[in-house]
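Asks: here are the coordinates; sequence isn't available:
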């Protein structure tokens, strides 16, 4: 028991001086302004669709900066999200429209139908072509819609919205960890070295003299008190 207690005490005393502790302190200090900047960039771009679309690449880069910081200082390797892709919309004309609608919906796509015209939202054109080939569905025309693909992809990108949510939660957490990590650690180091380096030295005479200094009585003069403690 004594050995375990001594080992635990040594770990506690050495913890403030390990490389991991100072790396975590650096992460707490650097991540706070990074979180502030990310939130300042993100919030104004939520006003409308065009701003959300235009800010999507920047949000992804800020997320990459957070991952790089965690990897460099904490050794936490978070895998990056897949690249930003256009949101696919495919127009299909087929005599077997009802069966194609059923198959596309089973794959998770949103589908609208008007006669033999089918509009499939959320499946790439290659998937639609492969699906119709496997199910032997006759296709008269297969046309991807490219006009608003990148706009839809940027505004609907799941990883961009996850990054925005992360930035909103990161700021209070970063502020708290900055107070705890930086404040308590630096305060602890200050009080640990207070007696040796921060306090002014005691006067050479007075308390260390052979004759102890007695507090003067009320009737004593200020001069006698000064002579006693000088």
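Replies: Structure received. On a predicted model such as this, the values are computed, not experimentally measured, just so you know.
Asks: check what pLDDT the residue positioned nearest the centre of the chain gets.
Replies: Nearest to the geometric centre of the chain sits residue 170, at 4.9 Å (Cα atoms, centre = their mean). At residue 170, the model reports a pLDDT of 94.
Asks: surely it touches residue 35?
Replies: Yes - the pair residue 170 / residue 35 is scored as a contact, 4.4 Å apart, by Cβ atoms under 8 Å. Every residue, glycine included, has its C-beta placed from N, CA and C.
Asks: that older thread, beyond the strand or helix carrying the residue nearest to the centre of the chain, next helix or strand please.
Replies: Using DSSP states H and E, residue 170 sits in helix 158-177. For helix 158-177, the following helix or strand on the C-terminal side (DSSP H and E) is helix 185-192.
Asks: quick one: residues in contact with stretch 109-121.
Replies: Residues from elsewhere that reach stretch 109-121 (Cβ atoms under 8 Å, 6 or more residues apart in numbering): 87-95, 97-98, 100-101, 104-105, 122-123, 128, 140.
Asks: compute the first-to-last residue distance for that stretch.
Replies: 6 Å (Cα to Cα, to the nearest Å).
Asks: how about the contacts made by residue 90?
Replies: For residue 90, the contacting residues are 119, 120, 123, 124, 125, 128, 142, 143, 144, 145, by Cβ under 8 Å, 6+ apart.
Asks: how about the second one, secondary structure?
Replies: Looking back up the chat, that one is residue 120. Classification of residue 120 by DSSP: H, G, I helix; E, B strand; the rest coil places it in strand.
Asks: count of neighbours near it?
Replies: By the criterion of other Cβ atoms under 10 Å, residue 120 has 29 neighbours.
Asks: so what sits opposite it in the bridge?
Replies: Residue 120 has these beta-bridge partners by DSSP bridges: residue 90, residue 111.
Asks: next up, the contacts around residue 40.
Replies: The contact partners of residue 40, by Cβ under 8 Å, 6+ apart, come to none.
Asks: what's the helix or strand for it?
Replies: Going by DSSP H and E, residue 40 is in helix 19-42.
Asks: roughly how far is that helix from the heart of the chain?
Replies: Offset of helix 19-42 from its chain centre (Cα atoms, centre = their mean, to the nearest Å): 8 Å.
Asks: about what we covered before: ok now do the residue nearest to the centre of the chain, which residues does it touch?
Replies: Counting by Cβ under 8 Å, 6+ apart, residue 170 touches 31, 35, 38, 39, 66.
Asks: can I get those in JSON lines with distance to residue 21 and neighbour count?
Replies: Below are these laid out as JSON lines (distance: Cβ to Cβ, whole Å; neighbours: other Cβ atoms under 10 Å):
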{"residue": "31", "distance to residue 21": "16", "neighbour count": "23"}
{"residue": "35", "distance to residue 21": "21", "neighbour count": "23"}
{"residue": "38", "distance to residue 21": "26", "neighbour count": "26"}
{"residue": "39", "distance to residue 21": "27", "neighbour count": "17"}
{"residue": "66", "distance to residue 21": "21", "neighbour count": "18"}
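Asks: out of the residues you listed, which is nearest to residue 193?
Replies: Ranked by distance to residue 193 (Cβ to Cβ), the contacts of residue 170 are led by residue 31 at 27.1 Å.
Asks: so where's the protein shaky on pLDDT?
Replies: Along the chain, segments meeting pLDDT under 70 span 1-6, 195-230.
Asks: in it, where's the longest helix?
Replies: Ordering each helix of the chain by length in residues (DSSP state H) puts helix 49-74 first.
Asks: could you say what helices and strands that one packs with?
Replies: If you count contacts as 3 or more Cβ pairs under 8 Å, 6 or more residues apart in numbering; DSSP states H and E, helix 49-74 packs onto helix 19-42, helix 149-156, helix 158-177.
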